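A.B. asks: structure, please.
(chains A and B)
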Amino acid sequence: MLTVITLTHFSKKRKETVVFREMSAKEVIDYVRNYDGYFLTNNERDVSQSDFKGRIMPWTTLRAAPTRDMVGYFAFEISGGASIHVDLMKKQINPFEKLRLVRKAMPNTLIQTGCRSHNLFGYRPYSEETIRATVRAFAKYVDVWRVYDFMNHIPNMKIVGEEVQKAGRILVPSLCFGTGPEHSNEFYLEKVQEIVDTFGPDIILGIKNHSALGSFERIANLVEAIKAEFPEIPIAYHGHNTDGNDLARMVAAIRAGAKIVEVCDHGFGAWYSQAPALSLIQVLEDHGYSPKNINIDAIIQSSEIIRYERRYYAAFESPFRGVDPLVRAHKLTGGAVSMAYEQAEQLGLLSRIQEVFEELSTVIKELGNIWPVTPGSQILWSTAVSNILYGRYEQPSDDLKRLLLGHYGPFPFYDPPDWIYKKVLEHKRTNGKRWYEILQSKDRAKPEDKEGIESCREQFREEMGRYPSEEEMVLYLIFPRDTVSYLKFEERYGRTWLLPPDIWFHTGGFPNGKRITFTDDSGKPHIIDIVSTQVLDNVVKTSCLVDYHFKTYSVPVDAKKRKAG
Amino acid sequence: MIEKLLVANRGEIAIRIMRSAQELGIKTVAVYEETDRFAMHITKADEAVCIGPGPRKDYLDIDRIIHAAKEVGADAIHPGYGFLSENPEFPLKCREAGLIFVGPPSDIILKMGSKVTARQIMESVGIPLIPGTKTLPPGNEGNEIALDFAERYGFPIMIKAVSGGGGRGIRVVHSKEQLIQGLKLARSEAKVAFGNEEIYLEKGISRPRHVEVQILADTHGNVVHLGTRNCSIQRRHQKLIEIAPSFLTPLVEERICESSVKAAKVAGYVNAGTIEFLVDEDDNFYFLEVNTRIQVEHTVTEMVTGIDIVREQLRIAAGEPLSIKQEDVSVRGCAIELRINAEDPKQSFIPCPGVIEVYQSPGGHGIRLDGAVYQGYEIPRFYDSLIVKLTVYGFSWNEAVDRLRRALDGFNIVGVKTTIPYYKAIVDDPDFRNRQFDTTYIDSHPELLDYREAEDEMDKLARLIAEINAYGYNPHAL
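C.D. replies: This next block holds a predicted model:
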């Protein structure tokens, strides 16, 4: 049985008297702009993605929601990044339903998403029609949109940003931050100007330090430079703690004038995601920044809940735990670490991980010193892995071809060398065209999205036997196969996110008499009692009492494959 | 007074009859076929007799049933509905065996069972008849009469089996070609179904409502009506939803009920019976047929009048006078009854026999259940697929409809497909809620079949838990 932690010894009131949810986007931005302190944003989405393979279940999120809602966070990021895809594929929850649940459970806190510009929550650019429909659908539940592009190509953000502003939500166009001689203040200031020219001054500017790069001085220097040029634009800093230095960077960012920084709960004790809120608050206090409007007790209580929950996710934590100061060289983005390790493990490369990291570092330099963040991180990482396994650029992926063809935007600093173009673009090419001819020909152009929303709606009907709701349509447009598979799952198994994580991730059989209890989103408790298990040759019969009615399920199963209970 | 009653039926009606009998202190005897040995009605009786191996033939075997009654010392037999309930031989043989038959005597069943005779009786008391023919002679002569009839009254025309009833043995034709073809088919169908190939014609009424009057008549010459029922929602002439009262205008309601009492008196009717009518768009009513038995839908009348019809049947059969006079009968509120069957409406209502894994039913104010199943019961493929008859009462039509929706939501039946989701679609339909329906309702609302079947959410989750238990891991969480 789970322990229920009662909230008796801490203030149940938020200190912050302003409720951002009740304000317009402009009012919120103005408030942040004129605020003489700092705000914290809790990024559980990134913690889950960076350190737990995206598996933190809604169960845990909802358990911690009431206390987190009391903290006085500026926002809570629970959507976006890889989470939409993982929700559908691995957690079997409708991403919209998750947002509805979290919004309801955290009525005082803004809900945030991380959006990959025209790549939305996926890995390739989507059509304008799809981008607009998707942002409109998600903007019903998401207040703050942290939008970034891994090529820092601002036009890639334009349609998303337009729709966010049209929906009256808060736009946070973000610079992907990197290091190297090209990543100068001049370059980033030009990008900020482009952002302001595109979206106007009523934005919060994001700095996205996805790979935990740069010293605290470098971050302070960049924030100061932006503040000097654009004093009216509030700055939000999103960093990762991969190297263990993000506390210092966040302190530096705030001291230099950043208004919002992103943190995690110390209960997660994350490695590759954000640094803990409470540690930051303690350091900032030494620098004279008092945590006004932040309920410390609520931060502690949230982590007490999370610490207990964390054990459910032990199997998904990285095989290498602890900070990684070498990230300065290989630059692997925090959000890609857990999945990168998973892939390396599957390919038997875990023992050669340093070799992969070295290759990654080389690949990044060869491919224009771009920002290794999704979908760029996947392209660069799989290229590095492929180079190790099959020889350098011998087995290029389609996404790498798209990168070289410019489908994701132009290389910002320099183009990759010709020999890479040759190897990649001429790979398995049957028409004999040379790489430079391909670059000049119409083959280079990004293929138009031939199938509009209407034809996709018909396609959905063919697959599901009914027309989609507006939200289902959006999910189908971005992840057609996984959406159908999820919806079929949901039809058969219902809202499985209600189950406790120790049941969802359970291994082995259940003993007779096992009682599974949980409460649904209407507050109703439910009980499923395992009465008996009968193992026959090819069938396992499980009899249970489901809310006090008796049911027997026969599951065909290969006895040899069945794990011992 | 009857001391021991054998119920010559099965399922919900057998149980319903036993309940009234037991309330009167009468011992009850169930009969069953070997293929029906797990039926619930057996458990509700004081005694039970297996009348044969079955299926479906021993319940129709008068001699076996009378033998069973004699063997257990029963002094009366109630036939229920269906099976032998309208077989005129049954009361005759009961009488010969010294048993009381709880129903009309055989000559009444014979008279009313013959559509032609019944029409003559109705005509004699001034009840309008749908223009029709007498029994058609076979061959060309019959064809010519039919064509003349069509010439005179136009189409549609209904071809009816003389021995048909309960919606069976009816064909509707819309042209001369269909008429000639239909006569031939109707004769052969009637012969197979009823053992009597005689047929007759009736003019079809467009968008008619099916309204019926419940009658009770004792052996002392007292006849009362218990108001009307609207049974217009039918599928292929089989009633799906029945409502009391029928919501005719008060004047028409009064005329139709008084005419029915008059007809029953002229016919010398005894025991419970129903006179059925078609009512057209202008509230003109036409005699349809008489049912000489307790009907499935009698519960709605009981709900709005408070009168136990079976109890009265037993009193009448015992020679007692009716316990009520006409002025004691008042209709208050509204009742709706529907039959929850193990059927798949999406597959032309094909029966879905199988094991009822979960059976949970609604309750509370204004809800009556006449059930025939229990959790773990296997609905046999040999008999009808009725699971439970749901009757709800409301002080008004709207209240009754709201209660019906709530009651349908309160069912949790797992293991077999049921008609519940289809009924939910009907109850949610604005035409139904506004009482805009006639006998064409089901055919004119095909979209009602587009419902989504909802499985209990917790059962779905339990399925996943069973799979985790079977595989030893959750294949969907990898």
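A.B. asks: pretty sure residue A:380 is touching residue A:364, no?
C.D. replies: Yes: counting by Cβ atoms under 8 Å, residue A:364 is a contact partner of residue A:380 at 5.7 Å. C-beta coordinates here come from the backbone N, C-alpha and C atoms, glycine included.
A.B. asks: what does stretch A:90-104 contact?
C.D. replies: Residues outside stretch A:90-104 that contact it (Cβ atoms under 8 Å, 6 or more residues apart in numbering or on different chains): A:53-55, A:57-58, A:61-62, A:65, A:76, A:78-79, A:83-84, A:87-88, A:111, A:137-138, A:141-142, A:471, A:475, A:486, A:489-490, A:493, A:495-497, A:521, B:476-478.
A.B. asks: could you tell me which residues touch both of residue A:380 and residue A:364?
C.D. replies: In contact with both residue A:380 and residue A:364: A:370, A:372, using Cβ under 8 Å, 6+ apart.
A.B. asks: who's more crowded, the two?
C.D. replies: Using other Cβ atoms under 10 Å in any protein chain shown, the more surrounded residue of residue A:380 and residue A:364 is residue A:380, with 30 against 26.
A.B. asks: what residues are up against that one?
C.D. replies: Residues in contact with residue A:380 (Cβ under 8 Å, 6+ apart) are A:360, A:363, A:364, A:367, A:370, A:372.
A.B. asks: pipe those residues into JSON lines and attach secondary structure, pLDDT and distance to residue B:319 per row.
C.D. replies: Below are the contacts of residue A:380 laid out as JSON lines (DSSP: H, G, I helix; E, B strand; the rest coil; pLDDT from 0 to 100; distance: Cβ to Cβ, whole Å):
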{"residue": "A:360", "secondary structure": "helix", "pLDDT": "95", "distance to residue B:319": "101"}
{"residue": "A:363", "secondary structure": "helix", "pLDDT": "97", "distance to residue B:319": "103"}
{"residue": "A:364", "secondary structure": "helix", "pLDDT": "96", "distance to residue B:319": "104"}
{"residue": "A:367", "secondary structure": "coil", "pLDDT": "96", "distance to residue B:319": "104"}
{"residue": "A:370", "secondary structure": "coil", "pLDDT": "95", "distance to residue B:319": "102"}
{"residue": "A:372", "secondary structure": "coil", "pLDDT": "93", "distance to residue B:319": "98"}
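A.B. asks: ok, and the most crowded of those?
C.D. replies: Busiest of the contacts of residue A:380 [other Cβ under 10 Å] is residue A:372, holding 28 neighbours.
A.B. asks: how much space separates it from residue A:346?
C.D. replies: 20 Å (Cβ to Cβ, to the nearest Å).
A.B. asks: and if you look at residue A:318?
C.D. replies: 14 Å.
A.B. asks: which pLDDT value belongs to the spatially most central residue of chain B?
C.D. replies: Closest to where the C-alpha atoms of chain B average out (Cα atoms, centre = their mean) is residue B:296, at 3.4 Å. Residue B:296 is assigned a pLDDT of 96 by the prediction.
A.B. asks: sec struct for it, please.
C.D. replies: coil (DSSP: H, G, I helix; E, B strand; the rest coil).
A.B. asks: excluding chain neighbours, give the residue nearest to residue A:18 in space.
C.D. replies: residue A:31 (6.4 Å; Cβ to Cβ, 6 or more residues apart in numbering or on different chains).
A.B. asks: picking that back up, doesn't residue B:85 make contact with the residue nearest to the centre of chain B?
C.D. replies: No: taking contacts as Cβ under 8 Å, residue B:296 lies outside contact range of residue B:85: 11.2 Å.
A.B. asks: how about residue B:189, what does it touch?
C.D. replies: Residue B:189 neighbours (Cβ under 8 Å, 6+ apart): B:161, B:169, B:171.
A.B. asks: let me fix that: residue B:300
C.D. replies: Contacts of residue B:300 (Cβ under 8 Å, 6+ apart): B:229, B:242, B:243, B:244, B:335, B:336, B:337, B:391.
A.B. asks: before we move on, what about residue B:95?
C.D. replies: B:101, B:105.
A.B. asks: what about it, distance to residue B:271?
C.D. replies: Taking Cβ to Cβ, one finds residue B:95 at 14 Å from residue B:271.
A.B. asks: got it, and residue A:393?
C.D. replies: Look at residue A:393 and residue B:271: by Cβ to Cβ, they are 95 Å apart.
A.B. asks: any weak-confidence spans in the stretch 201-350 of chain A?
C.D. replies: A:270 (pLDDT under 70).
A.B. asks: domain map for the chain?
C.D. replies: Looking at chain A here, since you left the chain open. Under the assignment automatic domain parsing, the domains of chain A span A:20-315, A:327-444, A:453-488, A:507-556.
A.B. asks: hmm, no, I was thinking of chain B.
C.D. replies: Using automatic domain parsing, chain B is parsed into the domains B:4-102, B:131-203, B:209-450.
A.B. asks: now do the end-to-end distance for the shortest one.
C.D. replies: Chord length of domain B:131-203, first to last residue, is 6 Å (Cα to Cα, to the nearest Å).
A.B. asks: now swap in the longest one and tell me
C.D. replies: The first and last residues of domain B:209-450 sit 25 Å apart, counting by Cα to Cα.
A.B. asks: give the contact list for residue A:230.
C.D. replies: Going by Cβ under 8 Å, 6+ apart, residue A:230 touches A:192, A:196, A:205.
A.B. asks: relative to residue A:259, how far out is it?
C.D. replies: When residue A:230 is compared with residue A:259 (using Cβ to Cβ), they lie 13 Å apart.
A.B. asks: do you know how far the most centrally placed residue in chain A is from chain B?
C.D. replies: Geometric centre of chain A, nearest residue: residue A:81, 3.0 Å, by Cα atoms, centre = their mean. Residue A:81 sits 20 Å away from chain B, going by Cβ to the nearest Cβ, to the nearest Å.
A.B. asks: quick one on the thing from earlier: now render the domains of chain B as JSON lines, adding distance to residue A:528.
C.D. replies: Formatted as JSON lines, the domains of chain B follow (distance: least, Cβ to Cβ, whole Å):
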{"stretch": "domain B:4-102", "distance to residue A:528": "28"}
{"stretch": "domain B:131-203", "distance to residue A:528": "44"}
{"stretch": "domain B:209-450", "distance to residue A:528": "13"}
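A.B. asks: ok, of those, where does mean pLDDT dip lowest?
C.D. replies: When those are ranked by mean pLDDT, domain B:131-203 comes last with a mean of 89.
A.B. asks: that older thread, any idea which element the residue nearest to residue A:18 lies in?
C.D. replies: helix A:25-34 (DSSP states H and E).
A.B. asks: go on, residue A:477?
C.D. replies: Element membership for residue A:477 (DSSP H and E) is helix A:470-478.
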